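S.K.: Turn this into a structure:
(chains A and B)
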Amino acid sequence: NAGVTQTPKFQVLKTGQSMTLQCAQDMNHEYMSWYRQDPGMGLRLIHYSVGAGITDQGEVPNGYNVSRSTTEDFPLRLLSAAPSQTSVYFCASSYRTGAGQPQHFGDGTRLSIL
Amino acid sequence: GENVEQHPSTLSVQEGDSAVIKCTYSDSASNYFPWYKQELGKGPQLIIDIRSNVGEKKDQRIAVTLNKTAKHFSLHITETQPEDSAVYFCAATRLSGYSTLTFGKGTMLLVSP
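M.R.: Purely as a prediction, here's the structure:
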(Lines give C-alpha, C1' and ligand atoms only; values in the text may rest on other atoms or scores of the structure.)
Protein backbone atom coordinates (compact mmCIF):
# COMPACT_ATOMS: atom_id res chain seq x y z
CA ASN A 1 0.00 0.00 0.00
CA ALA A 2 1.20 3.47 -0.85
CA GLY A 3 -0.94 5.02 1.91
CA VAL A 4 -1.83 8.67 1.29
CA THR A 5 -0.19 10.20 -1.77
CA GLN A 6 -0.10 13.95 -2.33
CA THR A 7 0.94 15.69 -5.51
CA PRO A 8 2.71 17.91 -6.25
CA LYS A 9 5.25 18.09 -3.41
CA PHE A 10 6.16 21.70 -4.19
CA GLN A 11 4.41 24.42 -6.15
CA VAL A 12 4.88 28.13 -6.75
CA LEU A 13 1.93 30.15 -7.99
CA LYS A 14 1.25 33.75 -8.82
CA THR A 15 -1.57 35.63 -7.13
CA GLY A 16 -4.84 34.96 -8.91
CA GLN A 17 -3.82 31.65 -10.44
CA SER A 18 -5.81 28.51 -9.81
CA MET A 19 -4.61 25.02 -9.08
CA THR A 20 -5.65 21.68 -7.68
CA LEU A 21 -3.78 19.80 -4.99
CA GLN A 22 -4.23 16.09 -5.46
CA CYS A 23 -4.74 13.52 -2.72
CA ALA A 24 -5.24 9.80 -3.19
CA GLN A 25 -5.40 6.91 -0.73
CA ASP A 26 -5.39 3.19 -1.38
CA MET A 27 -6.65 1.98 2.00
CA ASN A 28 -10.38 2.17 1.22
CA HIS A 29 -10.79 4.81 3.92
CA GLU A 30 -14.15 6.53 4.22
CA TYR A 31 -12.90 9.70 5.88
CA MET A 32 -10.56 12.17 4.20
CA SER A 33 -9.55 15.67 5.17
CA TRP A 34 -7.32 18.59 4.26
CA TYR A 35 -5.26 20.61 6.73
CA ARG A 36 -2.97 23.56 6.36
CA GLN A 37 0.09 23.99 8.55
CA ASP A 38 1.50 27.43 9.20
CA PRO A 39 4.35 28.38 11.58
CA GLY A 40 3.05 28.73 15.11
CA MET A 41 -0.51 27.83 14.07
CA GLY A 42 -0.47 24.05 14.18
CA LEU A 43 -2.75 22.06 11.90
CA ARG A 44 -6.01 23.68 10.89
CA LEU A 45 -8.81 21.79 9.18
CA ILE A 46 -9.90 23.16 5.80
CA HIS A 47 -12.46 20.66 4.52
CA TYR A 48 -13.33 17.07 5.17
CA SER A 49 -15.37 14.25 3.66
CA VAL A 50 -17.06 11.32 5.38
CA GLY A 51 -17.61 9.42 2.13
CA ALA A 52 -18.00 9.76 -1.61
CA GLY A 53 -20.32 12.64 -2.45
CA ILE A 54 -20.26 14.11 1.08
CA THR A 55 -18.08 17.05 2.08
CA ASP A 56 -18.16 19.65 4.82
CA GLN A 57 -16.25 22.73 5.93
CA GLY A 58 -13.64 22.81 8.62
CA GLU A 59 -12.14 25.70 10.54
CA VAL A 60 -10.61 27.63 7.61
CA PRO A 61 -12.56 26.83 4.41
CA ASN A 62 -12.57 30.24 2.70
CA GLY A 63 -10.78 30.26 -0.66
CA TYR A 64 -10.83 26.48 -1.05
CA ASN A 65 -13.19 24.04 -2.77
CA VAL A 66 -13.35 20.27 -2.54
CA SER A 67 -15.30 17.42 -4.05
CA ARG A 68 -15.30 13.66 -3.45
CA SER A 69 -16.43 11.70 -6.48
CA THR A 70 -14.61 8.49 -5.52
CA THR A 71 -13.54 6.88 -2.25
CA GLU A 72 -9.88 7.13 -3.25
CA ASP A 73 -9.51 10.77 -4.28
CA PHE A 74 -10.08 14.07 -2.50
CA PRO A 75 -8.69 17.04 -4.46
CA LEU A 76 -8.38 20.53 -2.99
CA ARG A 77 -8.92 23.45 -5.35
CA LEU A 78 -7.66 26.99 -5.01
CA LEU A 79 -9.78 29.07 -7.37
CA SER A 80 -7.84 32.34 -7.12
CA ALA A 81 -4.63 31.98 -5.13
CA ALA A 82 -3.73 34.64 -2.57
CA PRO A 83 -0.45 35.15 -0.68
CA SER A 84 -2.28 34.25 2.56
CA GLN A 85 -2.66 30.73 1.17
CA THR A 86 1.09 30.17 1.23
CA SER A 87 1.35 27.14 3.49
CA VAL A 88 2.07 23.45 3.74
CA TYR A 89 -1.03 21.41 2.95
CA PHE A 90 -1.62 17.95 4.34
CA CYS A 91 -4.21 15.42 3.30
CA ALA A 92 -5.27 12.74 5.77
CA SER A 93 -7.52 9.72 5.76
CA SER A 94 -8.96 7.29 8.27
CA TYR A 95 -11.03 4.13 8.22
CA ARG A 96 -14.18 5.77 9.49
CA THR A 97 -15.12 9.24 10.62
CA GLY A 98 -12.18 11.13 12.10
CA ALA A 99 -13.13 10.70 15.73
CA GLY A 100 -11.19 7.92 17.39
CA GLN A 101 -9.53 6.63 14.25
CA PRO A 102 -5.82 7.08 13.49
CA GLN A 103 -5.36 9.71 10.85
CA HIS A 104 -2.94 8.68 8.08
CA PHE A 105 -1.24 11.77 6.67
CA GLY A 106 0.46 12.32 3.37
CA ASP A 107 3.86 14.02 3.24
CA GLY A 108 2.39 17.38 2.28
CA THR A 109 2.39 19.91 -0.55
CA ARG A 110 4.48 23.02 0.01
CA LEU A 111 2.74 25.89 -1.74
CA SER A 112 4.08 29.40 -2.23
CA ILE A 113 1.92 32.20 -3.63
CA LEU A 114 3.83 35.19 -4.98
CA GLY B 1 -15.95 24.66 19.51
CA GLU B 2 -12.95 22.96 21.02
CA ASN B 3 -9.77 24.89 21.76
CA VAL B 4 -6.48 23.12 22.53
CA GLU B 5 -3.53 24.92 24.08
CA GLN B 6 -0.09 23.27 23.96
CA HIS B 7 3.08 24.11 25.87
CA PRO B 8 5.95 24.59 25.50
CA SER B 9 6.38 25.59 21.86
CA THR B 10 10.00 24.42 21.92
CA LEU B 11 11.78 22.02 24.26
CA SER B 12 15.47 21.20 24.31
CA VAL B 13 16.79 18.27 26.32
CA GLN B 14 19.94 16.21 26.58
CA GLU B 15 19.90 12.63 25.40
CA GLY B 16 18.69 10.38 28.18
CA ASP B 17 16.63 13.08 29.89
CA SER B 18 12.85 13.02 30.11
CA ALA B 19 10.58 15.37 28.17
CA VAL B 20 7.07 16.47 29.07
CA ILE B 21 4.62 18.28 26.78
CA LYS B 22 1.36 19.58 28.20
CA CYS B 23 -2.01 20.36 26.62
CA THR B 24 -5.25 21.79 27.90
CA TYR B 25 -8.65 21.58 26.23
CA SER B 26 -11.82 23.59 26.60
CA ASP B 27 -14.68 21.24 25.69
CA SER B 28 -15.58 19.08 28.67
CA ALA B 29 -17.32 16.66 26.28
CA SER B 30 -14.04 15.79 24.52
CA ASN B 31 -13.10 12.22 25.30
CA TYR B 32 -10.37 11.22 22.85
CA PHE B 33 -6.84 12.65 22.94
CA PRO B 34 -4.25 11.53 20.39
CA TRP B 35 -0.63 12.60 20.03
CA TYR B 36 1.09 12.92 16.67
CA LYS B 37 4.79 13.11 15.83
CA GLN B 38 5.96 14.99 12.75
CA GLU B 39 9.47 14.45 11.47
CA LEU B 40 11.09 16.96 9.15
CA GLY B 41 9.55 16.92 5.70
CA LYS B 42 6.95 14.33 6.64
CA GLY B 43 3.31 14.26 7.63
CA PRO B 44 2.28 13.74 11.25
CA GLN B 45 2.05 10.17 12.52
CA LEU B 46 0.00 8.90 15.45
CA ILE B 47 2.23 7.73 18.30
CA ILE B 48 -0.18 7.23 21.19
CA ASP B 49 -3.73 8.09 22.19
CA ILE B 50 -5.89 8.00 25.29
CA ARG B 51 -9.61 7.88 25.91
CA SER B 52 -11.32 9.54 28.82
CA ASN B 53 -12.13 6.30 30.58
CA VAL B 54 -8.46 5.84 31.56
CA GLY B 55 -6.03 8.13 33.32
CA GLU B 56 -2.73 6.88 31.89
CA LYS B 57 -1.44 4.84 28.98
CA LYS B 58 2.11 3.66 28.29
CA ASP B 59 3.90 2.36 25.24
CA GLN B 60 7.57 1.64 25.91
CA ARG B 61 9.26 5.04 26.49
CA ILE B 62 6.13 7.04 25.80
CA ALA B 63 3.25 7.67 28.18
CA VAL B 64 0.22 9.91 28.19
CA THR B 65 -1.70 11.06 31.27
CA LEU B 66 -5.15 12.61 31.41
CA ASN B 67 -6.77 14.74 34.09
CA LYS B 68 -10.42 15.17 33.11
CA THR B 69 -11.24 17.41 36.04
CA ALA B 70 -8.55 19.91 35.13
CA LYS B 71 -9.04 19.29 31.38
CA HIS B 72 -5.41 18.69 30.66
CA PHE B 73 -3.31 15.86 29.29
CA SER B 74 0.41 15.36 28.92
CA LEU B 75 2.93 13.41 26.86
CA HIS B 76 5.91 11.97 28.70
CA ILE B 77 8.98 10.66 26.87
CA THR B 78 11.62 8.96 28.99
CA GLU B 79 15.24 8.22 28.09
CA THR B 80 15.08 10.55 25.11
CA GLN B 81 17.11 9.76 22.02
CA PRO B 82 18.17 11.99 19.10
CA GLU B 83 15.57 10.28 16.90
CA ASP B 84 12.87 11.62 19.20
CA SER B 85 13.63 15.09 17.80
CA ALA B 86 10.48 16.17 15.96
CA VAL B 87 7.39 18.32 16.26
CA TYR B 88 4.73 16.84 18.51
CA PHE B 89 1.04 17.72 18.28
CA CYS B 90 -1.70 17.00 20.76
CA ALA B 91 -5.34 16.91 19.71
CA ALA B 92 -8.80 16.50 21.20
CA THR B 93 -12.22 15.48 19.97
CA ARG B 94 -15.48 13.79 20.90
CA LEU B 95 -15.93 10.15 19.98
CA SER B 96 -19.31 10.71 18.38
CA GLY B 97 -20.85 11.50 15.04
CA TYR B 98 -18.69 13.30 12.56
CA SER B 99 -16.49 15.01 15.13
CA THR B 100 -13.22 16.40 13.87
CA LEU B 101 -9.85 16.67 15.56
CA THR B 102 -8.70 19.99 17.00
CA PHE B 103 -4.92 20.20 17.17
CA GLY B 104 -2.63 22.15 19.45
CA LYS B 105 -0.02 24.41 17.87
CA GLY B 106 2.78 21.91 18.28
CA THR B 107 5.99 21.49 20.29
CA MET B 108 9.38 21.24 18.64
CA LEU B 109 11.47 18.78 20.67
CA LEU B 110 15.23 18.87 20.20
CA VAL B 111 17.28 16.07 21.75
CA SER B 112 21.00 16.79 21.85
CA PRO B 113 23.50 13.91 21.94
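
S.K.: Quickly find the element holding the one residue sitting closest to the centre of chain A.
M.R.: Among the residues of chain A, the one closest to the centroid is A:W34, at 2.9 Å (C-alpha atoms, centre = their mean). Assigned by DSSP states H and E, A:W34 falls within strand A:31-38.

S.K.: State the mean pLDDT of whichever helix or strand comes after that strand.
M.R.: Downstream of strand A:31-38, the next assigned helix or strand under DSSP H and E is strand A:42-51. The average pLDDT within strand A:42-51 is 94.

S.K.: Run the angle between strand A:42-51 and strand A:31-38 for me.
M.R.: Our comparison of strand A:42-51 with strand A:31-38, counting by axes from the mean of the first three to the mean of the last three C-alpha atoms, to 10 degrees, yields an angle of 160 degrees.

S.K.: Now do the buried residues in strand A:42-51.
M.R.: If you call a residue buried by 16 or more other C-beta atoms under 10 Å in any protein chain shown, then strand A:42-51 has these buried ones: A:G42, A:L43, A:R44, A:L45, A:I46, A:H47, A:Y48, A:S49, A:V50. All C-beta spots, glycine's among them, are computed from the backbone N, C-alpha and C.

S.K.: which helices and strands does it pack with?
M.R.: For strand A:42-51, the packing partners by 3 or more C-beta pairs under 8 Å, 6 or more residues apart in numbering or on different chains; DSSP states H and E come out as strand A:31-38, strand A:54-57, strand A:64-66, strand B:102-103.

S.K.: May I see the buried residues of the first one?
M.R.: I take that to be strand A:31-38. For strand A:31-38, by 16+ other C-beta under 10 Å, it's A:Y31, A:M32, A:S33, A:W34, A:Y35, A:R36, A:Q37.

S.K.: wait, what's in contact with the last one?
M.R.: This means A:Q37. A:L43, A:R44, A:S87, A:V88, A:Y89, A:F90, A:G108 (C-beta atoms under 8 Å, 6 or more residues apart in numbering or on different chains).

S.K.: repeat that with 7 Å
M.R.: A:L43, A:S87, A:V88, A:F90 (C-beta atoms under 7 Å, 6 or more residues apart in numbering or on different chains).

S.K.: repeat for B:G55
M.R.: B:G55 makes contacts with B:T65, B:L66, as judged by C-beta under 7 Å, 6+ apart.

S.K.: how about a cut-off of 10 Å?
M.R.: For B:G55, the contact set (C-beta atoms under 10 Å, 6 or more residues apart in numbering or on different chains) comprises B:V64, B:T65, B:L66, B:N67, B:K68, B:F73.

S.K.: Do I have it right that the last one meets B:C23?
M.R.: Yes. Counting by C-beta atoms under 10 Å, B:C23 is a contact partner of B:F73 at 5.5 Å.

S.K.: Quick check: neighbours shared by these two?
M.R.: B:V4, B:F33, B:W35, B:V64, B:L66, B:C90, B:A92.

S.K.: Just give the nearest non-adjacent residue to the first one, would you?
M.R.: Using C-beta to C-beta, 6 or more residues apart in numbering or on different chains and skipping residues adjacent in sequence, the residue nearest B:V4 is B:G104, 4.4 Å away.

S.K.: Neighbours of the one you found, how many?
M.R.: For B:G104, the neighbour count with other C-beta atoms under 10 Å in any protein chain shown is 25.
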